[in-house]
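# Compute the structure for the input listed below.
(2 chains)
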Number of protein chains: 2
Amino acid sequence: MITVTLPDQSTKSFETPVSPFTVAMSISEGLARNTVAAKVDGVLVDVTTPLTQDCSVELIKFDSPEGREVFWHSSAHLLAQAVLRLYPDAKPTIGPPIEDGFYYDFAHLPIKQEDLEKIESEMKKIAKENFSVERIEYSSENEALDAFKDNPFKQEIIKEAEGGLSAYKQGEFVDLCRGPHLPRTGMIKAVWLNKLSGAYWRADADNEQLTRIYGVTFPDKKLLSEHKERLEEAKKRDHRVLGRRLDLYGFEDVSPGSPFFYPKGAVVYNELLSFLRAEYRERGYQEVITPLLYDKALWEQSGHWEHYRENMFLVSEEGHEASLKPMNCPSHCVVFNRTQYSYRELPVRIADFAPLHRNELRGTLGGLTRVRKFSQDDAHIFCRPDQIKKEIADLILFAHYLYRDVFRMEFNHVELSTRPEGFLGEIDTWNAAEAALEEALNESGVDFVINEGDGAFYGPKIDFHIRDALGRTWQTATIQLDFNLPERFSCQYLGEDSKKHPVVMIHRALLGSVERFLGVLVEHYAGKLPLWLSPVQVRVLGIADRHQAFAQEVVDTLNDAGVRAETDVRSETLNKKVREAQLDYVPYILVIGDQEVDARSVSVRTRDNVDHGAKPLDEFVADVVSRIERKE
Amino acid sequence: MITVTLPDQSTKSFETPVSPFTVAMSISEGLARNTVAAKVDGVLVDVTTPLTQDCSVELIKFDSPEGREVFWHSSAHLLAQAVLRLYPDAKPTIGPPIEDGFYYDFAHLPIKQEDLEKIESEMKKIAKENFSVERIEYSSENEALDAFKDNPFKQEIIKEAEGGLSAYKQGEFVDLCRGPHLPRTGMIKAVWLNKLSGAYWRADADNEQLTRIYGVTFPDKKLLSEHKERLEEAKKRDHRVLGRRLDLYGFEDVSPGSPFFYPKGAVVYNELLSFLRAEYRERGYQEVITPLLYDKALWEQSGHWEHYRENMFLVSEEGHEASLKPMNCPSHCVVFNRTQYSYRELPVRIADFAPLHRNELRGTLGGLTRVRKFSQDDAHIFCRPDQIKKEIADLILFAHYLYRDVFRMEFNHVELSTRPEGFLGEIDTWNAAEAALEEALNESGVDFVINEGDGAFYGPKIDFHIRDALGRTWQTATIQLDFNLPERFSCQYLGEDSKKHPVVMIHRALLGSVERFLGVLVEHYAGKLPLWLSPVQVRVLGIADRHQAFAQEVVDTLNDAGVRAETDVRSETLNKKVREAQLDYVPYILVIGDQEVDARSVSVRTRDNVDHGAKPLDEFVADVVSRIERKE
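Residues are numbered from 1 along each chain as shown, chains lettered A, B, ... in the order given. Next up is the predicted model:
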């Protein structure tokens, strides 16, 4: 008789033999059918693993990250089984679950894209055969080597393995594996093999070339169609594709990872910066313009030379080693130290949009989200310890204003990361700072989780994660306290006691990388940027040549009012011009004909193809100006 | 009997022997006294040189650059003579005239700063002795070597000399020299030795160390005092000193040649850029934001790799050679080529404020005028050949607007530089382009000079030289046509004939380097930047604590109206606060007392210490806003 504790702290007692599957069955048959694995005393195991003593049991389903990992790992085995049925000479190597499915690498598998369908069918067939999946433990390395004597790749893995060796068997197929796995192949109801590519054994180009098959599976056909829809939607929203189509930005081989913002993209970029600058004026930030290239001496003082050099672009000049700056912090310490601040002058909030460069590997670059050159909406706040709480509270308000009020995005979650092992500085300073951060978070009413011990060695931090229109989460705003850099740069203020005291430095970026944020924004809005950020806000179309004079007057009136308006005088049909304006995602399309000229009005159409009828010109201008001001 | 033609084309006949001095005497004794040298048939010679045939004669005085050169060259001889009288062991090496005087380098002259006075006195004494200065021609190298047998430096010069060898003798002193020189030492009426420094023979640190004495002399004591006043004024206006004192910008060893713009300086910088952006919107420019780091491939295509590499900061990454961009042109060709423009879409005017880097030697760096990192108000206009004239005319208007209307500076002169030898492209294209430039200049009414054959090999150009408040000239705006780069990058437009044609590219920067322009501006205004550019435009001072609430309201009202206003709440006396605001060159200082609070008015004082009396707050706000709009 053993006692099992469930996650809600309730307990159940069972006669042996008992497994997590028995536990699930005792709750409901449906639950048992959907349980893919279990956590027993915190360790992930097969649902069929015998329970031999009192323990806690958590049943894992597909709807959790761990559940999907097990599900897709078993699906990789299913793929290998199907491949071996169709191509007996193929040699399976490794087949892990990944973020959005799984893959398996095979040697001796010369197939083409069109062969995937056949393999997919075979997988579905095997799933239907509903084999039970059994764990095999090998008592020695030799036993395992013997079991895989036909597969040199598996033999190599066995020889390098540490700890026990095990395999999983379903029908005729056995694969070397730690597990855990689904109890039966029949749990896999939907299969999609979506990509074929090349790979190398152990990712080393000197090794044998392998064939990699990517796939994704689900316990329900409906989940697969939803998944395909989501991919379709993400593809339509791909900011790289939209950037080119809308002529916002692009990339060139002559400067990998450094975006070119074309005129329309530069309008959006500069509009974002102008908006932030206006906020900075309101909120007491001071912008600086700083050098990009710094001598090694600066990086030695900051510690970057020791810890970050491989990420920096190095330059040598007249016998000096220098580097393009990957971040602004050290240069802001230099700016702070140009003068002696007194306690009354703090906090000093130094903001900077300097372009930063990080030497990311060419292979990792992609779009605006993985770049080498970018600017942050970066600022460093130099303050007294007693000012931390107020500054943090203001920053939380600022982040709320940006994301909720301006960009209409939701916070997914907020994390407070606290003192780790091997922290730097006094424990009292840490305690006070963490208390200030927690209080500020509590008072702001924001939901947050605490990551105990997950802070940087030089200070605690707060991370904001937002959720975009596709439900994807992005870590954006960061607020990082730093007790270390002010010490390395002797950043001090003159106290009321006329003595010098170290300042506290707060690193903060609310959008993060402006480039990456723009990429997220374009995908969030599917390219239909809000009115205030749209590169062209209004396009004015005359029906015939005789309407062009008034159309131009409308454009001029709008431009004078600070609205980005243009006309389209090409000799194309009105329909075509309207359609193109909609494809360009221009928020307002104004049509001018005889009636409009006579009445000094404009016929208003929006990019969603809604006809808003005629409006007096003055009224339209006032309306659009106030919408832009409200950041619509 | 020979006939002499004077610069005004009049002629005079003389019996031999005749010299330029005789010619001067024939006009006036005063002129003869002031003539330092002469140009005979365009060749600069001593005034005592015999004229042996009919020729043209131009008399050269101190007021011309060539006259000053001769005057200061003779003054260097005077210095050497004085040094040898006082330090017979010293060995004169070389002593040229320079921009603002002359220097002489001596070996074996162990003197200190305080010894300069003694040498200066000796020079004045020798000048008064009024030696005549005589030219000596040596018939052979040996004769010259013998004459300077005690001076190994002069011997080295003699051995390397090409052409005839000559010396000049005044009293007991003889110096190897090509001349020409003043006829008498007595023409030097004012002497000032202003600096002592070290130097190396032939500027090579492996050679013997020498003592360099700098000086300046004048034919009139009044000119020397004016010169000292000018230096004093320039020192007060030195933009490096003012930049630090006004907390605008500064330099640090960790990034030589790259300015740090502190918060106040960044306000000025950004204000300039905002102003230009507004102009760009009006004038049909499109701003882009471009990468800073480019692969060697781009520079090979543009020709910079071959011709400009030593001026670029090189970076190597993943086996690729790359460089920080020293100019924007190639990247703008890349932007232009992202799409296929048609003839109807031209001109395309691409503007960019990207930071540029040039690897200038550390020793040549200084202030904002000699930097390694800077941004230009750079744009490239891609147009059809038939659009050149209109574009140039618009650029001249733009330059006029900037310098005359906005910055209130005068043009000193404008130069049109035309087709050189070894030009690239078709002669017809050049002729048409030069005609367009000349017509545009003529129609603009601007005075200009033509520098025949002084254009770049890839196109003609127009340079604008401005004159600052100290009378110094600066080359600022440049308009450069380019037939070469569009060819290297195949920048073409689709013509009305549906065929592709090469575009003409116009490089243009009107301020030039924004950094350098700011340096010039600070010196031009002696730090008192115009209202619209001032980092703090209004400072509001409450007389007592009870006035602070209204003072803050005044600040808020001004800020809301877009005026940069602040208050000063330190517990200092009002007098001290006013004085400090004036030293900070804040254009308006408002004082708030009981009367002002009651009347909702402000007492207005300007930084020139003029008291403008009380004004209603609303009236003051409206006035200052309209002045800012008018770029006062």
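# From here on, just use CA atoms for contacts and neighbour counts.
Will do.
# ok, now how distant is A:Q537 from chain B?
15 Å (CA to the nearest CA, to the nearest Å).
# Pull the number of nearby residues for that residue.
Residues near A:Q537, counting by other CA atoms under 10 Å in any protein chain shown, number 22.
# What pLDDT is listed against it?
On pLDDT, A:Q537 comes in at 98.
# list the contacts for A:D556?
By CA atoms under 8 Å, 6 or more residues apart in numbering or on different chains, the residues touching A:D556 are A:A565.
# hey, C-alpha coordinates of the helix or strand it falls within in PDB?
Secondary structure from DSSP states H and E places A:D556 in helix A:548-560. Output in PDB follows, covering the C-alpha atoms of helix A:548-560 (Å, rounded to 0.1, in the frame of the first residue of the first chain):
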ATOM      1  CA  GLN A 548      -5.700  67.700 -58.900                       C
ATOM      2  CA  ALA A 549      -5.300  71.300 -57.900                       C
ATOM      3  CA  PHE A 550      -7.600  70.800 -54.900                       C
ATOM      4  CA  ALA A 551      -6.100  67.400 -54.100                       C
ATOM      5  CA  GLN A 552      -2.700  69.200 -53.900                       C
ATOM      6  CA  GLU A 553      -4.200  71.900 -51.700                       C
ATOM      7  CA  VAL A 554      -5.500  69.100 -49.400                       C
ATOM      8  CA  VAL A 555      -2.000  67.600 -49.200                       C
ATOM      9  CA  ASP A 556      -0.500  71.000 -48.400                       C
ATOM     10  CA  THR A 557      -3.000  71.700 -45.700                       C
ATOM     11  CA  LEU A 558      -2.400  68.300 -44.100                       C
ATOM     12  CA  ASN A 559       1.400  68.700 -44.400                       C
ATOM     13  CA  ASP A 560       1.200  72.200 -42.800                       C
END
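# Tell me the first helix or strand C-terminal of it.
For helix A:548-560, the following helix or strand on the C-terminal side (DSSP H and E) is strand A:565-567.
# just how off-centre is that following strand within its chain?
Centroid separation between strand A:565-567 and its chain, computed with CA atoms, centre = their mean, to the nearest Å, is 36 Å.
# Would you tell me whether that strand gets close to chain B?
No - Strand A:565-567 is not in contact with chain B by CA under 8 Å from any CA of the partner chain; minimum separation 11.2 Å.
# who touches that strand?
Counting by CA under 8 Å, 6+ apart, A:V536, A:Q537, A:V538, A:R539, A:V540, A:L541, A:A551, A:Q552, A:V555, A:D556, A:L558, A:N559 sit against strand A:565-567.
# The first one touches A:A581, doesn't it?
No - the pair A:V536 and A:A581 does not pass the contact test of CA atoms under 8 Å, sitting 9.6 Å apart.
# Next, format the contacts of strand A:565-567 as TSV and append distance to B:S64.
TSV is the format used below for the contacts of strand A:565-567 (distance: CA to CA, whole Å):
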residue	distance to B:S64
A:V536	57
A:Q537	59
A:V538	60
A:R539	61
A:V540	61
A:L541	63
A:A551	60
A:Q552	56
A:V555	56
A:D556	53
A:L558	56
A:N559	53
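# For PyMOL, write the selection for the buried entries among the residues you listed.
Those of the contacts of strand A:565-567 that count as buried under 16 or more other CA atoms under 10 Å in any protein chain shown are selected in PyMOL with:
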select buried, chain A and resi 536+537+538+539+540+541+551+552+555+556+558+559
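# wait, which of the contacts of strand A:565-567 is closest to B:L590?
Checking the contacts of strand A:565-567 against B:L590 with CA to CA, the nearest one is A:N559 at 35.5 Å.
# Give the closest residue to the closest one in space, chain neighbours not counted.
With CA to CA, 6 or more residues apart in numbering or on different chains as the criterion, A:N559 has its nearest non-adjacent residue at 6.0 Å, and that residue is A:A565.
# in chain A, which segments are predicted with low confidence?
Within chain A, no range satisfies pLDDT under 70.
# All set now, cheers.
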